[in-house]
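Student: Got a sequence here, can you model it:
(chains A and B)
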Amino acid sequence: MKTELTNQLAMRSETPDEITELLNEWSSGDELALEQLMPLVYEELRKMANHYMHSKDVGNTLQPTALIHEVYLKLVKQEKQNWENRTHFFGVASKAMRHILVDYLRNRRYLKRGGDVKKVEFDESIIVSNERAVGLIELDEALNRLSELHERKSRVVELKYFGGLSNEEMAEVLNVSSKTIIRDWQFARSWLLRELSDRKT
Amino acid sequence: MNQERLLKIEEIYHDVLDIPLEKRSSFLADACGDDLELLREVESLLSFAEKSSSIIDSPPMDVAAEIFSHNEHSDIIDKEIGHYKILSHIGTGGMGDVFIAEDLKLERYAAIKFIKPEIAQLPDQLRRFLREAKTASLLNHPNIITVYEIGETDNIQFIATEYIDGKTLRKIMSESSLTLNETLAIILQVATAVHAAHTAGIIHRDIKPENIILREDKLVKVLDFGLAKLAGTDFEKNSKDNSLDKSKLNPKNSNQQLTSPGLMMGTIAYMSPEQARVELIDKRSDVWSIGVVLYEMVSGQKPFDGKTAKEKVDAILENEFEPLGENVPIELKKIISKALEKDADKRYQTAQDFLHDINNLQKDFAVENEFTNDNSVSTKKHITSPNESRNSSPNYLPTNSDRFSNDQTNSNVSSAEYVFTKAGKHKFLSIGVFASFIAALAIGVYFYSMTNPQTDNSVAVMPFINETGDPNMEYLSDGISESIINSLSQLADLKVIASNSTFQYKGKDVQPEEIADTLGVKFILRGRILQRGDTFQVIAEMINSKDKTKIWGEQFDRKMADVLNLETEISQKIADRMQLHLTNAEQQKLVKSKKINPKAYDLLLKGRFYQAKSGDENSRKALEYYNQALAVDPNYANAYAAIADTYVYLRVNSFLNPKEALPKAKAAAQRALELNENLAEVHYTLARIKTTEWNWSEAEREYKRAIELNPNLASVYGAYAFFLSTQGRHEEAITFIKKTRELDPLRQHIYPDTGIIYYFARQYELAEVQYENGRELNPKNVGILYGFGFMAAARRDYKEAINYYKKVLKVLGGKHTGVKCYLGFAFAKTGQMREAGAILKDLETGREYVSPVELSMLYIGLGENDKAIASLEKGYAEHDSQLQFLGVEPHFDGLRKDPRFIELMKRVGLSPENYE
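Tutor: Alright, predicted model coming up:
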């Protein structure tokens, strides 16, 4: 029991450094670093979000942006915190957020289709309508197709939509100008909307 | 399409957007030339440039909200929120997450709902709504869930309610179809609850199958009264204003609310038309909702449904429900139709009217009312631990108590105007009421246990449940149960289980027959206390565990002003019952408790409450209360008795110098006896005092007198058994320790206590059986570990003994000098003289007090008999209480033939010939 606790504490104190390192690796182009980062951020994001759900101080902190920021502050040690680091972190966290949200909805949808209709239909905690849930899942699928055509554009959508990053921040993460970000978003948005409407018709 | 093509398309797309609208089409034609596909691509994309989209333009905050309010609770499980320890997540309601929690203060389970932050942010409204919820709970209706507390801690707001072990109607419907009988019985209870709330001016607003829980005993509980407003399912502006004020309606607003994400999903189906139109609603809206539930129970479908919120609302407002099948009785169809009248004026005007028709229907069909709660004692085995029940039902669980439903159903719930106030300054007045209750309850129990021809005259009085909503009243509910136990204990032919055992069930939901089985009794008495303004209500019932019937139940409602009348009334009851069944002496014993000063009694209960918590500080606090009680009533024998007992406690546990404690204990005991010679507990206290004075004959006399006065005091039997054991009267000791266990089966140290008696009797095999049994319950119990050490030492397996003594030392934090003496003895016996010597040095030079008598054992182990004798003499000079074991302690066996030892025994008053 006691050892277990000590291990956990040790892990915790090491995580921030690890995160910073992984962030650095990732921003210098190591995609493997992202794979390692994701579960850490993912877990923290969940915890943080849950924490806020149970505290009345939050107001609208359930905005993914604010949430990600909190997680960042928690995971990355003070002296390592800088604007650059933060934005890269947001880059990772947006992806984590996207996975969390969409996986959840997929799972929910699966339940509905899988025959356990009641479970979903009568669950009082359901906030997101099924139409919107389906829309979001389709958006995610469309984003995957977009990334095959133009990776950066799909990243822009991911960062803005799931991570709430500003144009400037996205420019930093993706190492392009803000103007490019604006153009990417505009085009990607139209492209995605057309994809979604094609699906429907 | 490849990336190159995409970039080409994008280039033209942006170029087009950069130029004025009127020039775009010609530019586009130029840019694409004869690549018609390119043209189509760009055109189609451009057509989406200005389009808004609910998907892409609103970031998925709602999903985040849903997922995180829904899934993960790992970081709150096991946390303590106020005095609640969160055990597990059991559901998510409109208000927020629901957890099962352990109330650490009151030792019961509770359901805790955390209030969603967005709801908690409306403090004024929140307070009003919560008050309503609380008020509904205060109606104390068996079909309305009890709200324990509305609290806030660490910025988290929560509602703590009764924890009900059951299934939601939703789940029940999904698992099986209901018979007509079942359906009527359920809906009847729902309507009863709603009617009760209506009478008090509370509208539920969110009646639906998720808010209706059925316990296994078929008792229905309706949840979340008044809370619907918080969850946003209700939009009316002023609940107190029942008139329809159309001017306040704002159709635009209503539209907006209906499309706002999700707050009403899943509950629209049960909304009345006026609710769906966002009009002001009144109680007739609840009648509609009950109608919807009833329709669904009968047909398996909702009467008004749709795929989207809008479709559902339209169905409620416009559509007729599908007619019910041929097999549904015409009368039931009529009832449903009338409940589901879209025009509220044509509907049942009250829940009572609806209830009336359902009732008649039930009678017409001569429905055997298996679902109602006339007999609240279920024959099915209940889930007894929340851990188990958590697994068995993912729904809103909750349990607690199948209690008193009958009494409550009959009680008048319409007097809803009572205001909840804390007991306040009149509290003490009410205590007299309780004193009388106790007498009455005691008589009741006695009466029923005696008159039943197949009785085996045994009863367990369970701790009464404090449902006043005020944790400070806990001393009162505890005190009442204790007092009833004390009162009943005096009756010679009745076996009454000690409070030590019954209080282990406090806050736990265990079926009476199970309790009866464990405690070895036939009857179970249980009760609870409520407070409504200046009125206290004690509800009690007695259950025959054999045939699971409630054989007696009574509700005592008393206003403080009526205390005098009440005394007369209850005296009458006492007289009635005693004439038949009690001897005169016993009558007197029971009536006596009525003549006490209520305020003094209140202070006595408070003192006992602290004394029961034990420890130095609590005991001193208890003494304060006892002295206050004496200030009120200087002739209060029980207060003196309690003071004496507390001083002995302080002395025995070395919290107080014997020279200070004993004279005070004696003086108080003396005074208590002058005032009332018949107090068993005083004789018990005196017996303990006499024991410490080595006045064995007087000690025994006091023990005998205590037992004579109160044949049901487990502690007295236990202490007497121990006394007899040290006197070398082993057979008697064993008889009495068995009696202790019979009266207090869950006594904490019963196994080691029994073990040591066998050990002193040198019946090691039997002692070992006791220790083995005790180990199963608690392998770390010091007495058990000690016992195994003694067993090993008795077998001369000193290595093993060392192991056990070391364990004892570890459990005690390495600080106990007594066990070090045994350890040193064992080391010496294995030849580990250096270790033994180290221990001796440690004990001789250490600062901690060492009993010279225990130290002498170490000398014996080391073979230094002279030093052992010297140490014993030192113990004699200090009046070391350990000397009482001189005759029986096996470690002294090496000295027994020494004339100095024999002489010392005689001086202590023990005859060596008794120990052969």
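Student: Do a quick rundown of the helices in chain A.
Tutor: With DSSP state H as the criterion, chain A has helices at A:2-27, A:31-53, A:64-75, A:83-113, A:117-121, A:130-149, A:151-157, A:167-174, A:178-200.
Student: Is the last one in proximity to chain B?
Tutor: Yes - interface with chain B: helix A:178-200 contributes A:183, A:186-187, A:189-194, A:196-197 (CB under 8 Å from any CB of the partner chain). From N, CA and C alone the C-beta is placed, and that goes for glycine too.
Student: Any of those buried? List them.
Tutor: Buried subset of the residues of helix A:178-200 next to chain B (neighbour count, 16 or more other CB atoms under 10 Å in any protein chain shown): A:183, A:186-187, A:189-194, A:196.
Student: can you tell me the residue of the stretch 651-800 of chain B closest to chain A?
Tutor: Closest contact between the stretch 651-800 of chain B and chain A, by CB to the nearest CB, is at B:Lys780 (14.2 Å).
Student: my read: that residue touches B:Val811, true?
Tutor: Yes - counting by CB atoms under 8 Å, B:Lys780 does reach B:Val811; the two are 5.6 Å apart.
Student: So for these two, which residue has more residues nearby?
Tutor: Higher neighbour count among B:Lys780 and B:Val811: B:Val811, with 15 against 11, using other CB atoms under 10 Å in any protein chain shown.
Student: How about the contacts made by the closest residue to B:Phe788 other than its chain neighbours?
Tutor: Distances taken as CB to CB, 6 or more residues apart in numbering or on different chains put B:Tyr804 closest to B:Phe788, at 4.7 Å, once the chain neighbours are dropped. Shown in contact with B:Tyr804 (CB atoms under 8 Å, 6 or more residues apart in numbering or on different chains): B:785-786, B:788-789, B:792.
Student: Show me the shaky parts of chain A.
Tutor: Scanning chain A for pLDDT under 70 picks out the ranges A:1-19, A:26-31, A:34-35, A:43, A:46-85, A:107-127, A:199-201.
Student: again, only using 50
Tutor: A:1-16, A:55-61, A:109-125 (pLDDT under 50).
Student: if I've got this straight, B:Ser88 is in a strand?
Tutor: Yes - under DSSP: H, G, I helix; E, B strand; the rest coil, B:Ser88 sits within a strand.
Student: So what's the residue count around it?
Tutor: 16.
Student: Please determine how far it is located from B:Leu675.
Tutor: Counting by CB to CB, to the nearest Å, the separation of B:Ser88 from B:Leu675 is 53 Å.
Student: now do A:Arg145
Tutor: Going from A:Arg145 to B:Leu675 by CB to CB gives 93 Å.
Student: can you check B:Leu519 too?
Tutor: 34 Å.
Student: Which one's more surrounded, the two?
Tutor: When B:Leu519 and B:Leu675 are compared for neighbours, B:Leu519 comes out ahead with 25 against 17, by other CB under 10 Å.
Student: for that one, what are its contacts?
Tutor: Listed by CB under 8 Å, 6+ apart, the contact partners of B:Leu519 are B:460, B:497, B:501-502, B:745-746.
Student: before we move on, the earlier item: got a winner among the contacts of B:Tyr804 for most neighbours?
Tutor: The most crowded member of these, judged by other CB under 10 Å, is B:Leu785 (27 neighbours).
Student: Which of the helices or strands spans that one?
Tutor: Assessed by DSSP states H and E, B:Leu785 sits inside helix B:782-794.
Student: again, but for B:Glu102
Tutor: Judged by DSSP H and E, B:Glu102 forms part of strand B:97-103.
Student: Could you list the paired strands of that strand along with their orientation?
Tutor: strand B:84-92 (antiparallel), strand B:108-114 (antiparallel) (DSSP bridges).
Student: quick one on the thing from earlier: mind putting the contacts of B:Leu519 in JSON lines, distance to A:Ser166 and pLDDT included?
Tutor: Converted to JSON lines, the contacts of B:Leu519 look like this (distance: CB to CB, whole Å; pLDDT from 0 to 100):
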{"residue": "B:Ala460", "distance to A:Ser166": "69", "pLDDT": "85"}
{"residue": "B:Ile497", "distance to A:Ser166": "71", "pLDDT": "85"}
{"residue": "B:Ser501", "distance to A:Ser166": "67", "pLDDT": "82"}
{"residue": "B:Thr502", "distance to A:Ser166": "66", "pLDDT": "85"}
{"residue": "B:Pro745", "distance to A:Ser166": "70", "pLDDT": "81"}
{"residue": "B:Leu746", "distance to A:Ser166": "65", "pLDDT": "79"}
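Student: Tell me which of the residues you listed fall in helices.
Tutor: Going by DSSP H, the helices hold B:501-502 from the contacts of B:Leu519.
Student: are any of the contacts of B:Leu519 buried, and which?
Tutor: Among the contacts of B:Leu519, the ones that count as buried by 16+ other CB under 10 Å are B:460, B:497, B:501-502, B:745-746.
Student: Please convert the residues you listed to a markdown table, extending it with distance to chain A.
Tutor: Putting the buried ones among the contacts of B:Leu519 into a markdown table (distance: CB to the nearest CB, whole Å) gives the following:
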| residue | distance to chain A |
| --- | --- |
| B:Ala460 | 36 |
| B:Ile497 | 36 |
| B:Ser501 | 31 |
| B:Thr502 | 33 |
| B:Pro745 | 32 |
| B:Leu746 | 27 |
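Student: ok, then the element right after the host helix or strand of B:Lys704?
Tutor: Under the criterion of DSSP H and E, B:Lys704 resides in helix B:696-709. On the C-terminal side of helix B:696-709, the closest following helix or strand by DSSP H and E is helix B:714-726.
Student: hey, which of the strands paired with strand B:97-103 is tucked in deepest?
Tutor: The highest mean neighbour count among the strands paired with strand B:97-103, using mean count of other CB atoms under 10 Å in any protein chain shown, belongs to strand B:108-114: a mean of 26.
Student: Quickly, which of the strands paired with strand B:97-103 bottoms out on average pLDDT?
Tutor: For the strands paired with strand B:97-103, mean pLDDT drops lowest on strand B:84-92, to a mean of 74.
Student: ok now that one, how far from the chain's centre?
Tutor: Put simply, strand B:84-92 sits 15 Å off its chain's centre (CA atoms, centre = their mean, to the nearest Å).
Student: can you check stretch B:740-750 too?
Tutor: Between the mean C-alpha location of stretch B:740-750 and the chain-wide mean there is a distance of 22 Å, by CA atoms, centre = their mean.
Student: and the end-to-end length of that stretch?
Tutor: End-to-end span of stretch B:740-750 (CA to CA, to the nearest Å): 8 Å.
Student: What of stretch B:536-556?
Tutor: 8 Å.
Student: Leaving aside the residues adjacent along the chain, what's closest to B:Leu494?
Tutor: Nearest residue to B:Leu494, sequence neighbours excluded (CB to CB, 6+ apart): B:Asn457, at 5.2 Å.
Student: Surely B:Arg205 and B:Tyr270 touch.
Tutor: No - the criterion here is CB under 8 Å, and B:Arg205 misses it with B:Tyr270 at 9.8 Å.
Student: The closest residue to chain A within the stretch 801-916 of chain B: how many residues sit nearby?
Tutor: Nearest residue of the stretch 801-916 of chain B to chain A, counting by CB to the nearest CB: B:Lys810, 14.4 Å away. Residues within reach of B:Lys810, counting by other CB under 10 Å, total 12.
Student: Provide the secondary structure category for it.
Tutor: For B:Lys810, the assignment made with three-state DSSP gives helix.
Student: B:Ala668 contacts B:Ala637, correct?
Tutor: No - here B:Ala668 lies out of contact with B:Ala637, judged by CB under 8 Å, at a distance of 10.2 Å.
Student: doesn't B:Ala344 make contact with B:Asp282?
Tutor: Yes - when contacts are counted by CB under 8 Å, B:Asp282 is listed as touching B:Ala344 (7.4 Å).
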